[in-house]
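Enquirer: next comes the sequence, and after it the predicted model I'd like to discuss.
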Amino acid sequence: MPPVLWQRLQLKLPVIQAPMAGGATTPQLVSAVCEAGGLGFLAGAMLSPEQIGQEAARIRARTSQPFGINLFIQDDPAPSAETLEPALNLLRPWHAELGLAEPTAPERFCQPFEAQWLALLEARPAVASFTFGIMTSEQVRALRAENILVIGTATNLAEGLAWAEAGADAVCAQGREAGGHRGTFIGEQQQSLRPMLSLVYELAQNLPLPVIAAGGIMNGREIAAAMRHGAQACQLGTAFLRCPESGISAPWKQALAQAKAGDTCLTRAFSGRYARGLSNRYIEAMARCQEQLPAYPVMNALTGPMRAAAAQASRSDLMSLWAGEGVAEARELPVAELMAQLQAEWQAAYR
């Protein structure tokens, strides 16, 4: 039998650190996970092509172990003034509250994907993963020609099958419990909210590819459960957010420390794409009009100045505090200690 995915990646335990955009995945976090026997992942979606190369070099300066880079598959849109006006009007009072100038549309709404993808190819990580869309078969072949393993994100069976057809090496099954943005690209985001274990089982039964479980996994017992359902590795995000190596802001870390079970919700209010995070005043106030907001990445760019100012002012009531459903179980430990605990719990689950 061929080795399972985590053994093929030469990991000590089947843990992949989720590529969390928004400053969480520092070179320190990524390299510490790699050094502890997992697969660290750089979130490249918000980085310029130059920054992708620079961050990859910083990771390599800290570890000789393999690591991954993730990108969002997206076009830079050109929305009309009519599309933008309602969102800008809704943001005006929040800007006033923070003492910011009137909200305006930026010159561009996201980084240029084509240039990011070329920077990723040049950086030659061991693994590349993609969210929000699908690569062409030609792009997948180009990655594999550089010996880069390709992982696609799937929130439903149709997406998993599409990635298999495109030639991916593995599929990450994103359950509804996962923190951050939904990866859905076939069908409605709200129709692709399967519980992680159920989605993992369905994909593992129906795909000719290894499946990675993602969503709400916080300890070794849950890793073992996902693997019993057919996962060949597990992707953990929220579990790493309280580590000192994580780059999230102090108010975000403080909010995570105080979070209880049931404190997360799905919202479009910050970015125009459904994402899971801790509920707060902004999310609650915008809930009634969130369906009118422009889609990602437009709304994400429009709320950028507000989110940055809120973080600066320690105003967690106006920040996007992305976190998964298991947030109450997040541990404030250095990466090496957390990974050692995960390994002990995982092994104990099989005894």
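Expert: Nice, I can see it. What you are looking at is a predicted structure, and each value in this text was computed from that prediction instead of being measured. Numbers count the residues shown, from 1 in each chain.

Enquirer: quick one, what contacts Ser137?
Expert: 165-167 (Cβ atoms under 8 Å, 6 or more residues apart in numbering). For every residue, glycine as well, the C-beta is placed using N, CA and C.

Enquirer: likewise for Ala154?
Expert: Ala154 neighbours (Cβ under 8 Å, 6+ apart): 160, 162-163, 171-174, 183, 199, 203.

Enquirer: restricted to helices, list those.
Expert: Per DSSP state H, helices hold the following members of the contacts of Ala154: 160, 162-163, 199, 203.

Enquirer: tabulate the residues you listed (a markdown table), appending neighbour count and pLDDT.
Expert: Output for the ones in helices among the contacts of Ala154, formatted as a markdown table (neighbours: other Cβ atoms under 10 Å; pLDDT from 0 to 100):
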| residue | neighbour count | pLDDT |
| --- | --- | --- |
| Gly160 | 26 | 98 |
| Ala162 | 17 | 98 |
| Trp163 | 26 | 98 |
| Leu199 | 26 | 98 |
| Leu203 | 29 | 98 |
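
Enquirer: ranges for the strands of the stretch 201-350 of the chain?
Expert: Residue ranges of the strands in the stretch 201-350 of the chain, as given by DSSP state E, counting those that start in this stretch, are 211-214, 233-236, 264-267, 275-278.

Enquirer: a markdown table for those, including distance to Ala81, mean neighbour count and mean pLDDT?
Expert: Formatted as a markdown table, these follow (distance: least, Cβ to Cβ, whole Å; neighbours: other Cβ atoms under 10 Å; pLDDT from 0 to 100):
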| stretch | distance to Ala81 | mean neighbour count | mean pLDDT |
| --- | --- | --- | --- |
| strand 211-214 | 38 | 29 | 98 |
| strand 233-236 | 40 | 28 | 98 |
| strand 264-267 | 25 | 20 | 98 |
| strand 275-278 | 26 | 24 | 98 |
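
Enquirer: out of those, which comes closest to Leu47?
Expert: strand 275-278 (18.7 Å; Cβ to Cβ).

Enquirer: packing partners of the closest one?
Expert: In terms of contacts (3 or more Cβ pairs under 8 Å, 6 or more residues apart in numbering; DSSP states H and E), strand 275-278 is packed against strand 180-181, strand 264-267.

Enquirer: partners of the shortest one, with directions?
Expert: Note on strand 180-181: by DSSP bridges, its sheet partners are strand 275-278 (antiparallel).

Enquirer: grab the CA positions of the strand it pairs with and hand them over as PDB.
Expert: C-alpha atoms of strand 275-278 as PDB (Å, rounded to 0.1, in the frame of the first residue of the first chain):
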ATOM      1  CA  ALA A 275     -16.700  33.600   7.300                       C
ATOM      2  CA  ARG A 276     -16.800  32.200  10.900                       C
ATOM      3  CA  GLY A 277     -15.600  34.300  13.800                       C
ATOM      4  CA  LEU A 278     -16.500  35.600  17.200                       C
END
